[in-house]
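Chemist: Sequence first, predicted model second:
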Amino acid sequence: MKRFILHITKKIKWPENMPLKLLDWYIIKKFLGTYVFAIVLILSIAVVFDFNEKQDRFMSHNAPWSAIIFDYYLNFIPYFANLFSPLFVFIAVIFFTSKLAENSEIIAMFSTGMSFKRMLRPYMISAAIIAVVTFCLGAYVIPKGSVTRINFEDKYYKPRKVNTAHNIQLEVDSGVIAYIDRFENYSNTGYRFSLDKFKGKQLVSHLTARSITYDTTGVHKWIIKDYMIREMEGMKENITTGARMDTTLFMEPSDFLIMKNQQEILSSPQLSEYIDRQRQRGFANIQEFEIEYHKRIATSFAAFILTLIGVSLSSRKTKGGMGLHLGIGLALSFSYILFQTIAATFAVNGNMPPVIAVWIPNILYSFIAFYLYQKAPK
């Protein structure tokens with residue numbers, strides 16, 4: 001192989017305007033091929049372990065095999081692959097780059113006058129391909145499949161849907177604040193409802209009602225029962241009561257009945273719209289949605305950082321060989337995922353802005369990448 005590389009880099013006359021040479025394509029194919037192989041290998045193991053863990057509940061709930069295969073695992077595989085994409089990138093880079101170093105192929109490249117920076121070109125092209133695919137899958141494709149997967153889990157494994165919500169307060173229109181003490185999903189009914197209307201900072205109307213029910217036959221249609229309206233006009237106050245009133249309020253049960261991992265079923269444009277709408281309404285519990293939105297971008301960008309770390313770490317031939325490189329690479333990749341989880345926890349608890357929390361691992365590992373790049377063989 002060493003002679004082959006020397007031959008293709010020395011003997012063949014490349015056109016000056018040719019952006020990628022045969023050696024670049026060789027590295028790109030090796031990178032992407034190893035990346036796909038790592039995904040297939042690890043996902044095969046993950047599916048076996050996941051099925052062994054969940055098969056009792058699947059069988060006890062009489063889940064059909066067609067639903068297990070097509071509704072669950074067909075959507076579980078891309079979700080899991082995208083979730084641990086940084087790990088697969090690291091494994092792919094370190095595995096085949098260490099092999100190149102052990103076979104003295106990298107030495108052969110450098111002996112032709114190729115610099116380490118030039119050798120990084122096909123790696124970064126491969127990382128760009130992975131980053132784009134990862135982002136498109138996470139932002140647009142996987143959320144649609146997650147709807148089917150989560151519905152399957154809710155029916156045959158473990159319910160995720162929220163049946164009740166308490167102490168709901170949100171702005172349904174400019175200067176209009178709604179409050180519901182308790183909302184029950186099975187009847188689409190909220191209890192101890194109030195609606196306050198303000199002009200500037202002055203309260204002009206205060207409605208209280210025993211219950212409010214969402215009318216599923218329309219959009220934003222609500223039925224208010226046993227209500228009383230107090231309207232303030234200067235020093236005067238008018239009181240109106242009634243048994244029932246049909247009205248339109250710009251809110252839906254989905255605005256406050258947030259099930260676990262609901263952010264996974266929204267595409268990035270839907271996430272952005274949802275976050276803006278809930279923020280305008282004064283709804284505070286949106287940290288997990290903001291984390292998911294920024295995480296999809298940060299995880300895609302991480303492909304470049306982790307590729308640079310992997311190449312810088314494994315391009316040097318060492319006594320420990322591939323085993324040492326894989327060990328260090330796995331430790332770094334798992335620590336990256338650990339930092340992501342810890343930073344997300346800080347953001348959920350309100351101690352850190354989500355965008356900063358999500359990007360902290362990338363910032364930290366950028367310094368590691370720069371240090372290893374400086375130490376890499378030139």
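Modeler: Sure, I can see it. Since this is a predicted model, take the numbers as computed values, not measurements. Numbering: from 1, shown residues only.
Chemist: Walking through the chain, point out its strands one by one.
Modeler: For the chain, the strands defined by DSSP state E cover 164-173, 176-184, 189-199, 202-214, 221-233, 236-248.
Chemist: got a list of what the nearest residue to His294 once chain neighbours are set aside touches?
Modeler: Distances taken as CB to CB, 6 or more residues apart in numbering place Val358 nearest to His294, at 4.2 Å, with adjacent residues excluded. Any C-beta I mention is one placed from the backbone N, CA and C, and that applies to glycine too. Contact analysis of Val358 by CB atoms under 8 Å, 6 or more residues apart in numbering lists Ile291, His294, Lys295, Ala298, Gln340, Ala343, Ala344, Ala347.
Chemist: Output those in TSV, with pLDDT and neighbour count appended to each entry.
Modeler: Formatted as TSV, these follow (pLDDT from 0 to 100; neighbours: other CB atoms under 10 Å):
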residue	pLDDT	neighbour count
Ile291	87	22
His294	90	19
Lys295	88	22
Ala298	90	20
Gln340	77	21
Ala343	75	22
Ala344	74	22
Ala347	71	23
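Chemist: Now compare those and name the two farthest from each other.
Modeler: Greatest spatial distance among the contacts of Val358 (CB to CB): Ala298 and Ala347, at 12.1 Å.
Chemist: Where does pLDDT dip in the stretch 151-300 of the chain?
Modeler: 159-162, 282-285 (pLDDT under 70).
Chemist: packing partners for the longest helix along the chain?
Modeler: In the chain, assigned by DSSP state H, the helix with the most residues is helix 22-60. Under the contact definition 3 or more CB pairs under 8 Å, 6 or more residues apart in numbering; DSSP states H and E, helix 22-60 sits against helix 2-10, helix 74-83, helix 85-102, helix 116-136.
Chemist: Between helix 85-102 and it, find me the angle.
Modeler: Computed by axes from the mean of the first three to the mean of the last three CA atoms, to 10 degrees, the angle separating helix 22-60 from helix 85-102 equals 140 degrees.
Chemist: Run the chain-centre distance for helix 22-60.
Modeler: Helix 22-60 has its C-alpha centroid displaced from the chain centroid by 19 Å (CA atoms, centre = their mean, to the nearest Å).
Chemist: Name the residues of it that are buried.
Modeler: Neighbour-count burial for helix 22-60 flags 23-24, 26-28, 30-32, 34-35, 38-39, 42-43, 54, 58 (criterion: 16 or more other CB atoms under 10 Å).
Chemist: Quick one: work out the angle between it and helix 116-136.
Modeler: With the same axes, to 10 degrees defining the directions, helix 22-60 sits at 30 degrees from helix 116-136.
Chemist: what pLDDT does Gly323 get?
Modeler: For Gly323, the model assigns a pLDDT of 68.
Chemist: follow-up on the earlier one: in TSV: the contacts of Val358, plus distance to Tyr123.
Modeler: Conversion of the contacts of Val358 to TSV gives the following (distance: CB to CB, whole Å):
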residue	distance to Tyr123
Ile291	29
His294	26
Lys295	24
Ala298	20
Gln340	23
Ala343	27
Ala344	28
Ala347	31
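Chemist: for these, which one is nearest Lys144?
Modeler: Closest to Lys144, out of all of the contacts of Val358 and judged by CB to CB, is Lys295, at 18.0 Å.
Chemist: quick one on the thing from earlier: among the helices and strands packed on helix 22-60, show me which one is buried the most.
Modeler: For the helices and strands packed on helix 22-60, the largest average neighbour count (mean count of other CB atoms under 10 Å) is found in helix 85-102, namely a mean of 24.
Chemist: tell me which strands and helices that one is in contact with?
Modeler: helix 22-60, helix 105-111, helix 116-136, helix 287-314, helix 321-348.
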